[in-house]
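> based on what follows, work out the 3D shape:
(2 chains)
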Amino acid sequence: MAIFVDQNTKVIVQGLTGGQGRFHGLRNKAYGTQVVGGVTPGKAGQDVEGVPVFDSVEDAVKATGATASFIAVPPKAAPAAILEAARAGIGFVVCITEGIPAQDEARVYATLQRDFPATRLLGPNCPGIISPGKCNIGITAGEIAQLPSASGPNVGIVSRSGTLTYQALYELKEQGIGVSTCVGIGGDPVPGTSFVDCLAEFQADPETHAIIMIGEIGGSAEEEAAEFITNHVTKPMSAYIAGVTAPAGKKMGHAGAIVSGGKGTAQGKMDALRMAGVKIGLNPTEAGSLMAEIVHSLR
Amino acid sequence: MDLFEYQGKQYFAKYNIPVSAGGVALTVEEAVAEAEKAQYPVVVKAQVQVGGRGKAGGIKLATNADEVRLHAGNILGMDIKGHVVKRVWIEHASDIAEEYYASFTLDRAAKQHLLMLSAQGGVDIEDVAAKDPTAIVKLHINPIIGLSLAAARQASVDAKIPDKALDGVADMLVKLYECFTKGDCDLAEINPLILKPTGEVHALDAKVSLDSNAAFRHPEWEEYAATEELDAREQLAREKDLQYIGLDGTVGIIANGAGLAMSTLDVVNQVGGSAANFLDIGGGANAELMTAALEVINSDAKVKSIFINIFGGITRGEEVAKGIVEAVKRVTLRAPIVIRLDGTNAEEGRKILAEAGIPDSQLTSRPTMLEAARAAVALAK
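Residues are numbered from 1 along each chain as shown, chains lettered A, B, ... in the order given. Prediction:
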């Protein structure tokens, strides 16, 4: 088991013929992911190292039976690409594109909710998702992810940040701890998939025994997660929140990482999670060590 | 990107939101000329991106040219909470019967637009929220449905806007919403939104924050970027296309990834140091990017040590290390570097750094984030 994606997930890459799409799409394929096709309007009939290219997502789905899409197109084209995937019946859409205007993100999210409730969007501006040994969609270096062990315990990772996601994967690998699935939800203001969505899946996943969560300043997603954890999550958790020292009113690299009007501070988020029973590390390594302690107690 | 009041008003005017006639002035004489055009009485308003201008003496009424000279002379160059006033906005003074508040933002938790409307304007809305939360009406708007005139009118009724102002406020809300959505604002706020004795509703102030991700479809924003108040370091970083934010500490920070960069600031702080900046060079970390980053850090006289924190993912450790060695050769650095290199092929990378022939006084390597932070902070003391 894993969450959202596994060895049976068939993936198409929207933007496979572009620089990013080709590089990461082929890496995902080399990892063992079933990358069954690509989509670039006007390039049907071509192939990228044996992966067939189609004009539209609809054509690609008909020909390949794809169930997931990896979107690696520029910000201007990404909103339409997401909706095209949803319209073609794709159930899981991963969008790594950084720089989509917030108004577009809000409209895409509302459109998916209203017209395509069966489609889940991960991202935008996210590193993607990896279920180690089964499926890797996005830009994560597969080799830093420890395979889950058949006997457990295994850890689920959910994070708003790319490099801190890798850091978490790496800390667990160093400790020899298996990972069930690692989800990067992205750093934008309107993520398609939230911490709460991932926590619910991890709680229900029999292969996941503990959860690491990595948050950052801005918004209230961590506070909502804390409330959900209190009421619905029984698996042990550790967490790290980046941005304790971030100045107010400045976007810290990610469009969504901003403390405004005294809201969205790291301290407030850490307090909320601590109240929910989550062990808080003051840096990523500490969150990893706390998770190692949790895992050893489960063994 | 935050706009000055005068830019916000110009932006509002594009969406037919009524604002006062006026002009911006950089000198006392320009201020007098703008006042003559706007017609007396006029208000001289400091243009700074910080609240509390009025209390600081940055907003003054003038009824003739001498008074404009006096006030503009005092306000230009004034320091308001660390912001030096470079421009004043001169506009025809409005008669005020009542003051309201209106704003649109994106509510990230609800993933919908949020209208906040209050019949108590002209004061800090956070104070209103603290004293009497029921005085603020909050209306969520589905981004694909939008705000109808009827819904805007109902919100105005709910906010206890008096009958005589209802039509004017509702019309204003619809226009402000259009400005917020089509104009790609993160925030569009009018405080105070005034009712004139003559019955018209009017925007007396403008607070606009633009979503820089939407700049590609707003070529007109270029003029705003030109007046953005960046310090010399931030200016240099922008030219080099780096994600940089200047801070006040002594440890220069370079990291790959926004989350890791934020985390690096935290760890430096945790071990008793203070960061001079936030700098995210992105995933690649090649020699060109690293050189540009080091040049920006080098331009900061306060920097006493440099902490480079890189996690190799797809970009392997040895590539990152080669980039760093190359960059260190290109830039004559004023401060020593401490590197923490981890992730894919980190061992190989560290070996390259160790064997590059760079003296320890200039560059040292530490295996973990915490140890590297301690070393960098010790060097900065």
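
> all contacts plus neighbour counts: C-alpha atoms, from now on.
Fine.

> tell me the domain ranges of the chain?
Just so you know, I chose chain A. With domains defined by automatic domain parsing, chain A comprises A:10-122, A:145-298.

> the chain in question should be chain B.
With domains defined by automatic domain parsing, chain B comprises B:21-92, B:98-225, B:232-380.

> just name the shakiest helix or strand of chain A by mean pLDDT.
The helix or strand of chain A with the poorest confidence is helix A:162-174; it has a mean of 90 (mean pLDDT, DSSP states H and E).

> so does stretch A:24-40 get close to chain B?
No - using C-alpha under 8 Å from any C-alpha of the partner chain, stretch A:24-40 stays clear of chain B, coming no nearer than 9.5 Å.

> what's near enough to touch residue 187?
Just so you know, I chose chain A. If a contact means C-alpha atoms under 8 Å, 6 or more residues apart in numbering or on different chains, then residue A:187 has A:123, A:124, A:125, A:126, A:160, A:161, A:254, A:255, A:256, A:257 as its contacts.

> let's do chain B instead
Counting by C-alpha under 8 Å, 6+ apart, residue B:187 has contacts B:103, B:104, B:105, B:106, B:180, B:207, B:208, B:209, B:210.

> could you grab the helix/strand/coil label for it?
strand (DSSP: H, G, I helix; E, B strand; the rest coil).

> that one and residue A:258: what is the separation?
As judged by C-alpha to C-alpha, to the nearest Å, residue B:187 and residue A:258 stand 13 Å apart.

> just residue B:256 next, same as before
Computed as C-alpha to C-alpha, the residue B:256 to residue A:258 distance reads 19 Å.

> what's the answer for residue A:267, then?
Separation of residue A:267 from residue A:258 (C-alpha to C-alpha): 13 Å.

> more neighbours, the two?
Between residue A:267 and residue A:258, counting by other C-alpha atoms under 10 Å in any protein chain shown, residue A:258 is the more crowded of the two (24 against 15).

> tell me which element that one falls in.
Here residue A:258 is covered by no helix or strand, with elements defined by DSSP states H and E.

> touching, it and residue A:243? I think so.
No - with contact defined as C-alpha atoms under 8 Å, residue A:258 does not reach residue A:243; the gap is 9.2 Å.

> what do those two both touch?
residue A:217.

> re earlier: does chain B sit close to the least confident helix or strand of chain A?
Yes - Helix A:162-174 is in contact with chain B by C-alpha under 8 Å from any C-alpha, via A:162, A:163, A:164, A:166, A:167, A:170.

> what's the answer for stretch A:121-135, then?
No - residues of stretch A:121-135 contacting chain B under C-alpha under 8 Å from any C-alpha: none, with a closest distance of 10.8 Å.

> quick one: end-to-end length of that stretch, please.
Distance between the boundary residues of stretch A:121-135 (C-alpha to C-alpha) amounts to 17 Å.

> just the mean pLDDT for it, thanks.
In this model, stretch A:121-135 has a mean pLDDT of 96.

> count the residues that sit near residue B:253.
29.

> can you pull the contacts of it?
Shown in contact with residue B:253 (C-alpha under 8 Å, 6+ apart): B:261, B:264-265, B:275-279, B:297, B:306-309.

> go again with 7 Å.
By C-alpha atoms under 7 Å, 6 or more residues apart in numbering or on different chains, the contact list for residue B:253 reads B:275, B:276, B:277, B:278, B:279, B:306, B:307, B:308.

> that's a helix at it, yeah?
No - assignment of residue B:253 by three-state DSSP gives strand, placing it outside any helix.

> so which of the contacts of residue B:253 are in strands?
B:277, B:278, B:279, B:306, B:307, B:308 (DSSP state E).

> a markdown table please, covering those and showing neighbour count.
As requested, the ones in strands among the contacts of residue B:253 are arranged in a markdown table below (neighbours: other C-alpha atoms under 10 Å in any protein chain shown):
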| residue | neighbour count |
| --- | --- |
| B:277 | 25 |
| B:278 | 23 |
| B:279 | 30 |
| B:306 | 30 |
| B:307 | 29 |
| B:308 | 26 |
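
> near chain B, which residues of the stretch 51-200 of chain A?
A:99-101, A:103, A:106-107, A:110-111, A:141, A:144, A:161-164, A:170, A:189-190 (C-alpha under 7 Å from any C-alpha of the partner chain).

> now the residues you listed: which count as buried?
Among these, those classed as buried by 16 or more other C-alpha atoms under 10 Å in any protein chain shown are A:99-101, A:103, A:106-107, A:110-111, A:141, A:144, A:161-164, A:170, A:189-190.

> among those, which lie within helices?
If you go by DSSP state H, those have A:103, A:106, A:107, A:110, A:111, A:162, A:163, A:164, A:170 in helices.

> mind checking pLDDT for the fifth one?
Among the per-residue scores, residue A:111 holds a pLDDT of 98.

> just the third one next, same as before
On pLDDT, residue A:107 comes in at 98.

> so it sits right up against residue B:142, yeah?
No - between residue A:107 and residue B:142 there is no contact under C-alpha atoms under 7 Å: 8.3 Å.

> just the helices in the stretch 51-200 of chain B please.
Residue ranges of the helices in the stretch 51-200 of chain B, as given by DSSP state H, counting those that start in this stretch, are B:65-75, B:125-131, B:149-158, B:163-182.

> should've said chain A
Using DSSP H, the helices of chain A run over residues A:19-31, A:57-64, A:78-87, A:102-115, A:162-174, A:195-204, A:221-232, A:266-275, A:284-298.

> closest to residue B:61 out of these?
helix A:102-115 (38.4 Å; C-alpha to C-alpha).

> next, report how far the closest one is displaced from the centre of its chain.
With C-alpha atoms, centre = their mean, to the nearest Å as the basis, helix A:102-115 stands 18 Å off its chain's centre.

> now do that helix: which elements does it pack against?
For helix A:102-115, not one helix or strand is in contact under the criterion 3 or more C-alpha pairs under 7 Å, 6 or more residues apart in numbering or on different chains; DSSP states H and E.

> between helix A:78-87 and that helix, find me the angle.
Following axes from the mean of the first three to the mean of the last three C-alpha atoms, to 10 degrees, one obtains 10 degrees for the angle between helix A:102-115 and helix A:78-87.

> and the contacts of helix A:102-115?
A:79, A:119, A:189, A:190, A:192, B:111, B:112, B:143, B:144, B:181, B:184.

> what residues does chain B put near chain A?
Contact residues (C-alpha under 7 Å from any C-alpha) of chain B with chain A: B:108-109, B:111-112, B:143-144, B:181, B:184, B:211, B:213-214, B:243, B:257-260, B:262-263, B:265-267, B:280, B:311, B:313-314, B:343-344.
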